[in-house]
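Q: Here's a sequence, model it:
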Amino acid sequence: GQQPADCVYGEPQYCATAMPARTGAIPLVVKSYEGRPIKIEGNALYPGGNGGTDRYAQASILDLYDPDRAKRFTHDGKTVSREEALKFLDDLSKKFVANSGEGLAFLAESSTSPSRARLQKIIADKFPKSKWFTYDAIDSGIHQRAATQAFAQPVKPVFHFDKAKVILSLDCDFLGSEDGAHEHIRKFAAGRKAGEGMSRLYAVESLFTLTGANADHRLRMAPSFIKQFAEAVLSKVHGTTNQDTGGVDPKWISECAKDLIANRGNVLVVAGQRQPIEIHLLAHGINSALESIGNTLSLIQAAEAASADLKNFDASATDTLVILGGNPAYNLNWSPKQKLEMVVRFGYYEDETSEKSNWHFPAAHYLESWGDAMTSDGTLVPIQPLTQSFFGGLTELEFIARIAGESQANPYEIVKTTFAGSDENWKKFVF
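A: Next up, the predicted model:
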(Lines give C-alpha, C1' and ligand atoms only; values in the text may rest on other atoms or scores of the structure.)
Protein backbone atom coordinates (compact mmCIF):
# COMPACT_ATOMS: atom_id res chain seq x y z
CA GLY A 1 0.00 0.00 0.00
CA GLN A 2 0.91 3.64 -0.28
CA GLN A 3 1.34 6.11 2.52
CA PRO A 4 -1.53 8.62 2.69
CA ALA A 5 -0.82 12.03 1.22
CA ASP A 6 0.38 14.74 3.61
CA CYS A 7 0.70 12.21 6.42
CA VAL A 8 3.91 11.46 8.32
CA TYR A 9 3.59 8.70 10.89
CA GLY A 10 4.20 10.03 14.37
CA GLU A 11 3.44 13.60 13.37
CA PRO A 12 0.03 15.01 14.37
CA GLN A 13 -2.38 16.55 11.90
CA TYR A 14 -4.69 19.42 12.76
CA CYS A 15 -8.02 19.68 10.97
CA ALA A 16 -10.74 22.32 11.12
CA THR A 17 -14.31 21.20 11.68
CA ALA A 18 -17.27 22.16 13.87
CA MET A 19 -19.41 20.49 16.48
CA PRO A 20 -23.14 20.84 15.75
CA ALA A 21 -25.25 22.03 18.65
CA ARG A 22 -28.90 22.93 19.20
CA THR A 23 -28.53 26.70 18.88
CA GLY A 24 -25.23 27.08 17.05
CA ALA A 25 -22.16 25.10 16.03
CA ILE A 26 -18.80 25.44 17.78
CA PRO A 27 -15.83 25.93 15.38
CA LEU A 28 -13.04 23.49 16.28
CA VAL A 29 -9.52 22.38 15.47
CA VAL A 30 -8.98 18.68 16.12
CA LYS A 31 -5.61 17.01 16.66
CA SER A 32 -5.28 13.62 15.00
CA TYR A 33 -2.68 10.86 14.82
CA GLU A 34 -2.83 8.35 11.93
CA GLY A 35 -6.50 9.06 11.34
CA ARG A 36 -7.49 8.89 15.00
CA PRO A 37 -8.71 12.15 16.60
CA ILE A 38 -7.35 12.59 20.12
CA LYS A 39 -7.84 16.23 21.21
CA ILE A 40 -10.35 18.99 20.56
CA GLU A 41 -9.70 22.72 20.80
CA GLY A 42 -11.54 25.80 19.64
CA ASN A 43 -10.65 27.38 16.30
CA ALA A 44 -8.73 30.56 17.13
CA LEU A 45 -8.79 31.62 13.45
CA TYR A 46 -12.57 31.79 13.44
CA PRO A 47 -13.63 35.47 13.25
CA GLY A 48 -14.44 36.69 16.74
CA GLY A 49 -13.21 33.50 18.36
CA ASN A 50 -10.40 32.89 20.82
CA GLY A 51 -10.05 29.15 20.52
CA GLY A 52 -12.69 28.53 23.16
CA THR A 53 -14.90 25.47 23.64
CA ASP A 54 -17.21 24.24 26.35
CA ARG A 55 -17.24 21.07 28.41
CA TYR A 56 -19.60 19.35 26.00
CA ALA A 57 -17.23 19.87 23.06
CA GLN A 58 -14.30 18.58 25.09
CA ALA A 59 -16.24 15.50 26.14
CA SER A 60 -17.62 14.82 22.66
CA ILE A 61 -14.43 13.05 21.57
CA LEU A 62 -15.19 10.37 24.16
CA ASP A 63 -18.43 9.64 22.31
CA LEU A 64 -16.38 8.76 19.23
CA TYR A 65 -14.70 5.89 21.09
CA ASP A 66 -17.69 4.97 23.25
CA PRO A 67 -17.97 1.16 23.27
CA ASP A 68 -21.72 1.46 23.86
CA ARG A 69 -22.48 3.42 20.66
CA ALA A 70 -24.69 1.78 18.05
CA LYS A 71 -22.68 -0.47 15.74
CA ARG A 72 -25.28 -2.36 13.74
CA PHE A 73 -28.35 -2.06 11.55
CA THR A 74 -31.28 -3.89 13.09
CA HIS A 75 -34.77 -5.01 12.06
CA ASP A 76 -37.04 -6.11 14.89
CA GLY A 77 -33.98 -6.43 17.10
CA LYS A 78 -32.04 -8.67 14.69
CA THR A 79 -28.87 -7.59 12.90
CA VAL A 80 -29.22 -7.05 9.17
CA SER A 81 -26.72 -6.06 6.50
CA ARG A 82 -26.12 -2.43 5.56
CA GLU A 83 -27.32 -3.20 2.04
CA GLU A 84 -30.62 -4.62 3.29
CA ALA A 85 -31.17 -1.62 5.53
CA LEU A 86 -30.48 0.88 2.72
CA LYS A 87 -32.81 -1.04 0.40
CA PHE A 88 -35.54 -0.64 2.99
CA LEU A 89 -35.06 3.14 2.92
CA ASP A 90 -35.28 3.13 -0.88
CA ASP A 91 -38.50 1.08 -0.73
CA LEU A 92 -39.89 3.40 1.95
CA SER A 93 -39.27 6.38 -0.30
CA LYS A 94 -41.03 4.74 -3.24
CA LYS A 95 -44.00 3.83 -1.05
CA PHE A 96 -44.64 7.39 0.04
CA VAL A 97 -43.96 8.92 -3.36
CA ALA A 98 -47.00 6.99 -4.53
CA ASN A 99 -49.33 8.48 -1.89
CA SER A 100 -47.70 11.92 -1.45
CA GLY A 101 -46.42 10.99 2.00
CA GLU A 102 -49.76 10.25 3.61
CA GLY A 103 -49.17 8.55 6.95
CA LEU A 104 -45.49 9.56 7.10
CA ALA A 105 -44.19 11.61 10.04
CA PHE A 106 -40.74 12.73 11.16
CA LEU A 107 -39.63 13.46 14.72
CA ALA A 108 -36.29 15.27 14.75
CA GLU A 109 -34.05 17.18 17.11
CA SER A 110 -33.27 20.84 16.43
CA SER A 111 -30.55 21.58 13.89
CA THR A 112 -28.87 24.63 12.40
CA SER A 113 -27.73 22.77 9.28
CA PRO A 114 -28.70 24.51 6.00
CA SER A 115 -28.32 21.19 4.19
CA ARG A 116 -30.82 19.49 6.49
CA ALA A 117 -33.20 22.41 6.02
CA ARG A 118 -32.87 22.00 2.24
CA LEU A 119 -33.57 18.27 2.44
CA GLN A 120 -36.53 18.96 4.73
CA LYS A 121 -37.97 21.26 2.07
CA ILE A 122 -37.44 18.58 -0.58
CA ILE A 123 -39.38 16.13 1.60
CA ALA A 124 -42.16 18.68 2.11
CA ASP A 125 -42.42 19.18 -1.67
CA LYS A 126 -42.19 15.50 -2.56
CA PHE A 127 -44.36 14.26 0.33
CA PRO A 128 -46.81 17.14 0.89
CA LYS A 129 -49.03 15.07 3.19
CA SER A 130 -46.17 14.14 5.53
CA LYS A 131 -45.60 15.83 8.88
CA TRP A 132 -42.34 17.08 10.42
CA PHE A 133 -42.12 17.55 14.20
CA THR A 134 -39.19 18.89 16.20
CA TYR A 135 -38.46 18.20 19.85
CA ASP A 136 -35.54 18.56 22.24
CA ALA A 137 -35.07 17.06 25.67
CA ILE A 138 -34.16 20.59 26.80
CA ASP A 139 -36.01 23.51 25.25
CA SER A 140 -33.28 25.52 23.56
CA GLY A 141 -35.47 27.63 21.28
CA ILE A 142 -36.96 29.90 23.95
CA HIS A 143 -34.62 32.82 23.15
CA GLN A 144 -35.59 32.84 19.47
CA ARG A 145 -39.31 32.41 20.17
CA ALA A 146 -39.30 35.22 22.71
CA ALA A 147 -37.38 37.61 20.43
CA THR A 148 -39.66 36.76 17.51
CA GLN A 149 -42.73 37.51 19.62
CA ALA A 150 -41.24 40.65 21.16
CA PHE A 151 -40.12 42.23 17.88
CA ALA A 152 -42.82 40.80 15.59
CA GLN A 153 -40.38 39.24 13.13
CA PRO A 154 -38.38 35.99 12.98
CA VAL A 155 -35.17 36.96 14.77
CA LYS A 156 -32.81 35.49 17.34
CA PRO A 157 -30.82 37.48 19.92
CA VAL A 158 -27.03 37.68 20.10
CA PHE A 159 -25.75 38.84 23.48
CA HIS A 160 -22.67 41.08 23.66
CA PHE A 161 -21.54 40.77 27.26
CA ASP A 162 -18.26 42.50 26.37
CA LYS A 163 -20.11 45.74 25.53
CA ALA A 164 -22.27 45.83 28.64
CA LYS A 165 -21.38 47.96 31.65
CA VAL A 166 -24.18 46.50 33.76
CA ILE A 167 -25.63 43.00 33.33
CA LEU A 168 -28.75 41.62 34.99
CA SER A 169 -29.21 37.85 34.86
CA LEU A 170 -32.71 36.56 35.50
CA ASP A 171 -31.94 32.96 36.43
CA CYS A 172 -29.63 32.71 33.40
CA ASP A 173 -26.46 30.66 33.88
CA PHE A 174 -24.79 32.07 30.77
CA LEU A 175 -21.32 31.18 32.14
CA GLY A 176 -22.25 27.56 32.81
CA SER A 177 -25.18 25.50 31.62
CA GLU A 178 -26.74 27.78 28.99
CA ASP A 179 -26.17 27.17 25.27
CA GLY A 180 -23.36 29.28 23.82
CA ALA A 181 -21.44 29.42 27.10
CA HIS A 182 -18.10 29.18 25.25
CA GLU A 183 -18.84 32.54 23.60
CA HIS A 184 -20.46 34.15 26.63
CA ILE A 185 -17.47 33.35 28.86
CA ARG A 186 -15.06 35.02 26.43
CA LYS A 187 -17.20 38.11 26.02
CA PHE A 188 -17.94 38.42 29.73
CA ALA A 189 -14.24 38.14 30.59
CA ALA A 190 -13.41 40.88 28.08
CA GLY A 191 -15.63 43.27 30.02
CA ARG A 192 -14.21 42.36 33.43
CA LYS A 193 -10.83 44.03 33.08
CA ALA A 194 -9.84 45.67 36.35
CA GLY A 195 -10.21 49.41 36.30
CA GLU A 196 -12.79 52.03 35.54
CA GLY A 197 -14.41 50.09 32.70
CA MET A 198 -15.08 46.87 34.61
CA SER A 199 -18.67 45.69 34.19
CA ARG A 200 -21.00 44.80 37.05
CA LEU A 201 -23.10 41.67 37.20
CA TYR A 202 -26.38 41.32 39.09
CA ALA A 203 -27.60 37.71 39.32
CA VAL A 204 -31.07 36.72 40.46
CA GLU A 205 -31.32 32.93 40.63
CA SER A 206 -32.83 29.99 42.45
CA LEU A 207 -29.78 27.71 42.23
CA PHE A 208 -26.14 28.50 42.91
CA THR A 209 -24.51 28.62 39.46
CA LEU A 210 -21.20 29.63 37.91
CA THR A 211 -22.83 32.90 36.88
CA GLY A 212 -23.97 33.57 40.43
CA ALA A 213 -20.49 32.74 41.72
CA ASN A 214 -19.06 35.46 39.45
CA ALA A 215 -21.73 38.04 40.27
CA ASP A 216 -20.96 41.30 42.06
CA HIS A 217 -24.46 41.20 43.54
CA ARG A 218 -26.33 37.91 43.87
CA LEU A 219 -29.91 37.50 45.05
CA ARG A 220 -31.28 34.07 45.89
CA MET A 221 -34.91 33.85 44.87
CA ALA A 222 -37.54 31.18 44.32
CA PRO A 223 -38.35 30.68 40.61
CA SER A 224 -41.97 31.66 41.21
CA PHE A 225 -40.95 35.20 42.25
CA ILE A 226 -38.63 36.05 39.37
CA LYS A 227 -41.52 37.38 37.30
CA GLN A 228 -42.52 39.85 40.02
CA PHE A 229 -38.91 40.93 40.36
CA ALA A 230 -38.56 41.58 36.60
CA GLU A 231 -41.85 43.49 36.55
CA ALA A 232 -40.67 45.62 39.48
CA VAL A 233 -37.40 46.47 37.70
CA LEU A 234 -39.25 47.32 34.49
CA SER A 235 -41.58 49.61 36.46
CA LYS A 236 -38.59 51.41 37.98
CA VAL A 237 -37.08 51.84 34.53
CA HIS A 238 -40.34 53.40 33.31
CA GLY A 239 -40.48 55.64 36.39
CA THR A 240 -43.51 53.97 37.94
CA THR A 241 -43.91 51.96 41.14
CA ASN A 242 -44.80 48.30 41.40
CA GLN A 243 -45.98 47.33 44.88
CA ASP A 244 -45.51 43.56 44.30
CA THR A 245 -41.77 42.93 44.68
CA GLY A 246 -42.02 39.20 45.30
CA GLY A 247 -40.86 39.60 48.89
CA VAL A 248 -37.56 41.19 47.82
CA ASP A 249 -36.04 44.10 49.68
CA PRO A 250 -37.24 47.15 47.67
CA LYS A 251 -33.80 48.73 48.14
CA TRP A 252 -32.18 45.86 46.20
CA ILE A 253 -34.56 46.46 43.29
CA SER A 254 -34.11 50.24 43.47
CA GLU A 255 -30.31 50.09 43.44
CA CYS A 256 -30.28 47.55 40.61
CA ALA A 257 -32.68 49.63 38.50
CA LYS A 258 -30.75 52.82 39.34
CA ASP A 259 -27.52 51.23 38.07
CA LEU A 260 -29.26 50.09 34.88
CA ILE A 261 -30.73 53.51 34.22
CA ALA A 262 -27.41 55.26 34.86
CA ASN A 263 -25.79 53.14 32.15
CA ARG A 264 -28.56 53.47 29.57
CA GLY A 265 -27.51 52.00 26.23
CA ASN A 266 -24.78 49.88 27.82
CA VAL A 267 -26.83 47.40 29.83
CA LEU A 268 -27.91 43.85 29.12
CA VAL A 269 -30.72 41.88 30.74
CA VAL A 270 -30.85 38.14 30.00
CA ALA A 271 -33.34 35.46 31.02
CA GLY A 272 -32.51 31.78 31.42
CA GLN A 273 -33.65 28.98 29.15
CA ARG A 274 -35.64 27.37 31.94
CA GLN A 275 -37.66 30.54 32.46
CA PRO A 276 -41.07 30.91 30.75
CA ILE A 277 -41.48 33.19 27.78
CA GLU A 278 -43.07 35.91 29.95
CA ILE A 279 -39.74 36.46 31.74
CA HIS A 280 -37.92 36.72 28.41
CA LEU A 281 -40.42 39.30 27.17
CA LEU A 282 -39.89 41.35 30.34
CA ALA A 283 -36.12 41.17 29.75
CA HIS A 284 -36.59 42.42 26.19
CA GLY A 285 -38.84 45.16 27.54
CA ILE A 286 -36.09 46.37 29.88
CA ASN A 287 -33.46 46.17 27.14
CA SER A 288 -35.67 48.15 24.76
CA ALA A 289 -36.53 50.79 27.36
CA LEU A 290 -32.83 51.28 28.11
CA GLU A 291 -31.85 51.50 24.42
CA SER A 292 -29.69 48.38 24.44
CA ILE A 293 -30.95 46.96 21.14
CA GLY A 294 -28.22 47.25 18.55
CA ASN A 295 -25.43 47.63 21.08
CA THR A 296 -25.33 45.00 23.82
CA LEU A 297 -28.11 43.01 22.16
CA SER A 298 -28.15 42.32 18.42
CA LEU A 299 -30.98 40.73 16.48
CA ILE A 300 -30.21 38.54 13.48
CA GLN A 301 -32.66 37.07 11.03
CA ALA A 302 -33.72 33.54 11.85
CA ALA A 303 -35.53 30.99 9.74
CA GLU A 304 -39.10 30.42 10.81
CA ALA A 305 -39.73 26.98 12.24
CA ALA A 306 -40.78 24.60 9.48
CA SER A 307 -42.15 22.03 11.87
CA ALA A 308 -45.50 21.26 13.43
CA ASP A 309 -46.27 21.35 17.14
CA LEU A 310 -45.66 17.93 18.69
CA LYS A 311 -48.89 18.35 20.64
CA ASN A 312 -50.70 17.95 17.31
CA PHE A 313 -49.15 14.57 16.56
CA ASP A 314 -51.93 12.17 15.58
CA ALA A 315 -50.89 8.53 15.94
CA SER A 316 -54.11 7.34 14.29
CA ALA A 317 -53.19 9.21 11.09
CA THR A 318 -49.60 7.95 11.07
CA ASP A 319 -48.43 4.51 10.02
CA THR A 320 -44.69 5.26 9.69
CA LEU A 321 -42.71 7.42 12.12
CA VAL A 322 -39.09 8.31 11.36
CA ILE A 323 -37.14 9.39 14.45
CA LEU A 324 -33.96 11.42 13.89
CA GLY A 325 -31.75 11.35 16.98
CA GLY A 326 -32.78 11.90 20.56
CA ASN A 327 -34.45 9.36 22.80
CA PRO A 328 -38.15 10.29 22.93
CA ALA A 329 -39.18 7.02 24.55
CA TYR A 330 -37.14 8.11 27.58
CA ASN A 331 -37.34 11.91 27.46
CA LEU A 332 -41.05 12.05 26.67
CA ASN A 333 -42.00 8.79 28.39
CA TRP A 334 -43.51 7.94 25.03
CA SER A 335 -44.13 4.53 23.50
CA PRO A 336 -44.66 5.24 19.78
CA LYS A 337 -44.85 1.62 18.64
CA GLN A 338 -48.05 1.01 20.56
CA LYS A 339 -50.24 2.54 17.82
CA LEU A 340 -47.93 2.74 14.80
CA GLU A 341 -47.32 0.20 12.07
CA MET A 342 -43.71 1.17 11.51
CA VAL A 343 -41.11 3.08 13.57
CA VAL A 344 -37.76 3.81 11.93
CA ARG A 345 -35.01 5.08 14.24
CA PHE A 346 -31.78 6.87 13.39
CA GLY A 347 -29.69 7.20 16.52
CA TYR A 348 -26.27 7.06 18.12
CA TYR A 349 -27.20 4.49 20.75
CA GLU A 350 -29.38 1.41 20.97
CA ASP A 351 -31.57 2.69 23.77
CA GLU A 352 -35.17 2.77 24.98
CA THR A 353 -36.40 4.22 21.69
CA SER A 354 -34.51 1.60 19.67
CA GLU A 355 -36.21 -1.14 21.64
CA LYS A 356 -39.59 0.23 20.56
CA SER A 357 -38.57 0.66 16.91
CA ASN A 358 -38.88 -1.75 14.01
CA TRP A 359 -35.72 -0.51 12.31
CA HIS A 360 -32.60 1.03 13.83
CA PHE A 361 -29.89 2.82 11.81
CA PRO A 362 -26.61 3.67 13.59
CA ALA A 363 -25.58 7.32 13.39
CA ALA A 364 -22.05 8.44 12.59
CA HIS A 365 -20.20 10.74 14.98
CA TYR A 366 -19.70 14.32 13.76
CA LEU A 367 -15.95 13.63 13.54
CA GLU A 368 -16.85 10.92 11.01
CA SER A 369 -19.26 13.08 9.03
CA TRP A 370 -19.58 15.66 6.31
CA GLY A 371 -22.07 18.37 7.18
CA ASP A 372 -22.65 22.06 7.72
CA ALA A 373 -24.08 24.25 10.45
CA MET A 374 -24.63 27.83 11.53
CA THR A 375 -22.92 29.36 14.54
CA SER A 376 -24.95 31.31 17.06
CA ASP A 377 -24.11 34.56 15.25
CA GLY A 378 -25.30 33.20 11.89
CA THR A 379 -21.95 32.24 10.32
CA LEU A 380 -21.89 29.13 8.11
CA VAL A 381 -19.21 26.60 9.09
CA PRO A 382 -18.26 23.21 7.61
CA ILE A 383 -18.31 19.90 9.46
CA GLN A 384 -15.53 17.73 8.07
CA PRO A 385 -14.63 14.12 8.91
CA LEU A 386 -11.27 13.27 10.44
CA THR A 387 -11.76 9.56 10.01
CA GLN A 388 -14.02 7.08 8.27
CA SER A 389 -16.99 5.82 10.21
CA PHE A 390 -15.73 3.15 12.60
CA PHE A 391 -18.85 1.03 12.36
CA GLY A 392 -20.36 2.02 9.02
CA GLY A 393 -22.89 4.42 10.51
CA LEU A 394 -24.82 6.90 8.39
CA THR A 395 -24.77 10.67 8.57
CA GLU A 396 -28.11 12.33 9.16
CA LEU A 397 -27.92 14.00 5.74
CA GLU A 398 -27.44 10.68 3.95
CA PHE A 399 -30.25 9.07 5.92
CA ILE A 400 -32.73 11.86 5.10
CA ALA A 401 -31.61 12.03 1.46
CA ARG A 402 -32.35 8.33 0.96
CA ILE A 403 -35.83 8.67 2.41
CA ALA A 404 -36.36 11.70 0.16
CA GLY A 405 -35.42 9.54 -2.82
CA GLU A 406 -32.55 11.81 -3.83
CA SER A 407 -30.21 10.47 -6.49
CA GLN A 408 -27.27 12.00 -4.64
CA ALA A 409 -27.01 10.68 -1.08
CA ASN A 410 -23.31 11.36 -0.56
CA PRO A 411 -23.15 13.85 2.36
CA TYR A 412 -20.11 15.63 0.85
CA GLU A 413 -22.01 16.31 -2.36
CA ILE A 414 -25.13 17.32 -0.41
CA VAL A 415 -23.18 19.96 1.54
CA LYS A 416 -21.40 21.18 -1.59
CA THR A 417 -24.72 21.54 -3.42
CA THR A 418 -26.14 23.54 -0.52
CA PHE A 419 -23.06 25.78 -0.49
CA ALA A 420 -23.70 26.57 -4.18
CA GLY A 421 -20.47 28.49 -4.66
CA SER A 422 -17.55 28.30 -7.04
CA ASP A 423 -14.91 25.58 -6.62
CA GLU A 424 -12.46 28.20 -5.43
CA ASN A 425 -14.84 29.48 -2.74
CA TRP A 426 -15.69 25.92 -1.78
CA LYS A 427 -12.01 25.12 -1.18
CA LYS A 428 -11.66 28.22 0.99
CA PHE A 429 -14.77 27.21 2.89
CA VAL A 430 -13.55 23.72 3.78
CA PHE A 431 -9.87 24.52 4.21
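Q: Counting by contacts, list what the helix or strand containing Tyr202 packs against.
A: Per DSSP states H and E: Tyr202 is located in strand 200-205. Packing partners of strand 200-205 (3 or more Cβ pairs under 8 Å, 6 or more residues apart in numbering; DSSP states H and E): strand 166-170, helix 210-213, strand 217-220, helix 250-262. From N, CA and C alone the C-beta is placed, and that goes for glycine too.
Q: Show the average pLDDT along the following helix or strand past the last one.
A: Think helix 250-262. Following helix 250-262 in sequence order, the next helix or strand is strand 267-271 (DSSP H and E). In this model, strand 267-271 has a mean pLDDT of 97.
Q: quick one, which of the helices and strands packed on strand 200-205 is nearest to Leu28?
A: Nearest to Leu28 among those is helix 210-213; the distance by Cβ to Cβ comes to 22.2 Å.
Q: Just the buried positions in that closest one, please.
A: Thr211, Gly212 (16 or more other Cβ atoms under 10 Å).
Q: Output the contacting helices and strands for that helix.
A: Using 3+ Cβ pairs under 8 Å, 6+ apart: helix 210-213 touches strand 200-205.
Q: pLDDT weak spots in the stretch 201-350 of the chain?
A: Filtered on pLDDT under 70, the stretch 201-350 of the chain yields the residue ranges 242-246, 305, 335-338.
Q: Measure how buried Pro328 is and give me the count.
A: 23 (other Cβ atoms under 10 Å).
Q: Would you state the helices of this protein in chain order?
A: In the chain, the helices defined using DSSP state H lie at 55-64, 82-98, 114-126, 142-151, 181-190, 210-213, 226-237, 250-262, 277-289, 328-331, 352-355, 396-403, 411-419, 423-430.
Q: Give me the angle between the longest one and helix 114-126.
A: Counting by axes from the mean of the first three to the mean of the last three Cα atoms, to 10 degrees, helix 82-98 lies at 50 degrees to helix 114-126.
Q: just checking, what packs against helix 82-98?
A: strand 73-75, strand 359-362, helix 396-403.
Q: how about 7 Å then?
A: Secondary-structure packing of helix 82-98 (3 or more Cβ pairs under 7 Å, 6 or more residues apart in numbering; DSSP states H and E): helix 396-403.
Q: Now do the helix it packs on against helix 411-419, angle only.
A: Using the same axes, to 10 degrees, the inter-axis angle of helix 396-403 relative to helix 411-419 is 90 degrees.
Q: wait, which of the helices and strands packed on strand 200-205 is closest to Val233?
A: When these are compared by Cβ to Cβ, helix 250-262 sits nearest Val233, at 5.1 Å.
Q: Buried residues in the closest one, which are they?
A: Buried residues in helix 250-262, defined by neighbour count with 16+ other Cβ under 10 Å: Trp252, Ile253, Cys256, Ala257, Asp259, Leu260.
Q: same deal with stretch 74-89?
A: Buried-residue list, stretch 74-89, by 16+ other Cβ under 10 Å: Thr74, Val80, Ala85, Leu86, Phe88, Leu89.
Q: And the contacts of it?
A: For stretch 74-89, contacts defined as Cβ atoms under 7 Å, 6 or more residues apart in numbering pick out Arg72, Phe73, Asn358, Trp359, His360, Phe361, Gly392, Arg402, Ile403.
Q: one more time with 10 Å, if that's ok
A: Stretch 74-89 has contacts (Cβ atoms under 10 Å, 6 or more residues apart in numbering) with 71-73, 322, 342, 344-346, 350, 354-355, 357-362, 392-394, 398-405, 409.
Q: Likewise for stretch 224-235?
A: 168, 170-171, 202, 204-206, 219, 221, 240-248, 250, 252-254, 256-257, 260, 269, 271-272, 275-276, 278-283, 285-286, 289.
Q: Quick one: buried ones out of those residues?
A: By neighbour count, with 16+ other Cβ under 10 Å, these hold 168, 170-171, 202, 204-206, 219, 221, 242, 245-246, 248, 252-253, 256-257, 260, 269, 271-272, 275, 279-280, 282-283, 285-286, 289 as buried.
Q: Leu28 versus Thr387, what's the distance?
A: Per Cβ to Cβ, to the nearest Å, Thr387 is found 14 Å from Leu28.
Q: Looking at those two, which has the bigger crowd around it?
A: Shown here are Thr387 and Leu28; by other Cβ under 10 Å, Leu28 has more neighbours (26 against 16).
Q: Please give me every residue in contact with the more buried one.
A: 15-19, 37, 40-43, 46, 51, 53, 57, 60-61, 366-367, 381, 383-384.
Q: tell me the mean pLDDT over stretch 402-413?
A: On average, stretch 402-413 scores 94.
Q: in it, what's buried?
A: Buried residues in stretch 402-413 (16+ other Cβ under 10 Å): Arg402, Ile403, Ala404, Gly405, Glu406, Ala409, Pro411, Tyr412.
Q: is it possible to export those to CSV including distance to Ser110?
A: As requested, the buried residues of stretch 402-413 are arranged in CSV below (distance: Cβ to Cβ, whole Å):
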residue, distance to Ser110
Arg402, 22
Ile403, 19
Ala404, 20
Gly405, 25
Glu406, 22
Ala409, 23
Pro411, 19
Tyr412, 23
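Q: Near the closest residue to Arg264 other than its chain neighbours, how many other residues are there?
A: Excluding the flanking residues, the one nearest Arg264 by Cβ to Cβ, 6 or more residues apart in numbering is Leu290, at 5.0 Å. Neighbourhood size, Leu290 [other Cβ under 10 Å]: 22.
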